[in-house]
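> Structure, please.
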Amino acid sequence: MKHLLFIPFLFIAACQAEKTTPKEEVPAQDAPKIVSVIMKTSKGDVTIELDAVKAPISTKNFLTYVDDKFYDGTIFHRVMDGFMIQGGGFALEEGIPTEKKNNDPIKNEGQNGLSNTVGTLAMARTNDLNSATSQFFINVNDNSGSLDHPSNGGYAVFGKVTAGMEVVNEIKGVRTSTKYMNSITGAIKA
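Down below sits the predicted model:
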């Protein structure tokens with residue numbers, strides 16, 4: 001099953017999502033175990049395989065946002081060379097990164113056996129273990145030591161980049177700046 005996630009690159013990156021397969025119900029026992037998502041950016045395409053076996057909650061959550069076109073216009077709002085690139089929660093409104101309204105948080109799958117190594121896709125969350133919603137990140141370093149640790153519940157890996165890591169590496173090297181961001185709860189400074 002293939003999905004399309006389009007992220008035109010802005011000062012950090014913005015995206016649009018489009019499902020490329022027909023929406024038809026598939027019985028759980030017949031559901032695909034590995035699902036491919038193509039993330040199109042102005043820097044190039046990134047193909048991601050999602051692991052619906054080890055991370056069924058995170059995979060379903062991510063695909064719900066893709067299918068609902070939630071990621072359309074979102075940006076990579078946090079870029080940290082040597083750590084990760086994070087997106088999926090903010091869109092530009094009049095040039096200002098503004099937080100989008102999310103669905104309810106999901107249960108953390110941080111101890112599913114998948115590790116936060118280079119090229120893996122994981123759910124972003126707050127210090128609250130079960131707070132992940134739409135935001136995700138791609139590891140650009142081996143972060144398994146700190147992000148997989150059982151003491152903090154881990155950060156749920158649910159996919160990996162299978163093509164286009166050079167695009168991710170180009171995004172991680174983008175020069176960023178501090179900008180005011182609008183949050184659902186008010187203005188915050190990034």
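> how about stretch 167-177: buried residues?
Neighbour counts using 16 or more other C-beta atoms under 10 Å place 167-168, 171-172, 174 of stretch 167-177 among the buried residues. To be clear about C-beta, it is placed using only N, CA and C from the backbone, and glycine gets the same treatment.
> scratch that, stretch 138-154 is what I was asking about
Residues of stretch 138-154 classed as buried under the neighbour-count rule (16+ other C-beta under 10 Å) are 138-140, 143-144, 147-148, 153-154.
> now what about that stretch, what contacts it?
Stretch 138-154 is contacted by residues 46, 80-85, 108, 110-111, 115-122, 129, 155, 161, 168-169, 172 when judged by C-beta atoms under 8 Å, 6 or more residues apart in numbering.
> which strand is the longest one in this structure?
Scanning the chain for the longest strand, with DSSP state E as the assignment, gives strand 84-93.
> Settle this for me: Ala132 is touching Asn102, isn't it.
No. Shown here, Ala132 and Asn102 do not form a contact pair, counting by C-beta atoms under 8 Å, at 9.4 Å.
> And those two? Which one has more around it.
Per other C-beta atoms under 10 Å, whichever of Ala132 and Asn102 has more neighbours is Ala132, with 27 against 15.
> show me what contacts the more buried one?
By C-beta under 8 Å, 6+ apart, the residues touching Ala132 are 58, 61, 105-106, 108, 123-125, 156.
> List just the nearest of those residues to Thr74.
Ala124 (12.3 Å; C-beta to C-beta).
> Can you report how many residues neighbour that closest one?
Neighbours around Ala124, by other C-beta under 10 Å: 19.
> Report pLDDT for the closest residue to it other than its chain neighbours.
Once flanking residues are discounted, Ala124 sits nearest to Gln135: 3.8 Å by C-beta to C-beta, 6 or more residues apart in numbering. What the model reports as pLDDT for Gln135 is 97.
> isn't Gln135 right up against Thr126?
No. The pair formed by Gln135 and Thr126 falls short of the contact definition of C-beta under 8 Å, at 9.9 Å.
> who has more neighbours, the two?
Between Gln135 and Thr126, Gln135 has the larger neighbour count (other C-beta under 10 Å), namely 22 against 11.
> quick one, strands of this structure?
Using DSSP E, the strands found in the chain span residues 2-7, 14-19, 34-41, 44-51, 74-80, 84-93, 96-99, 120-123, 136-139, 157-163, 180-183, 186-189.
> Looking at the ones you listed, which one is packed in the most?
Mean neighbour count (mean count of other C-beta atoms under 10 Å) peaks for strand 120-123 among these, with a mean of 27.
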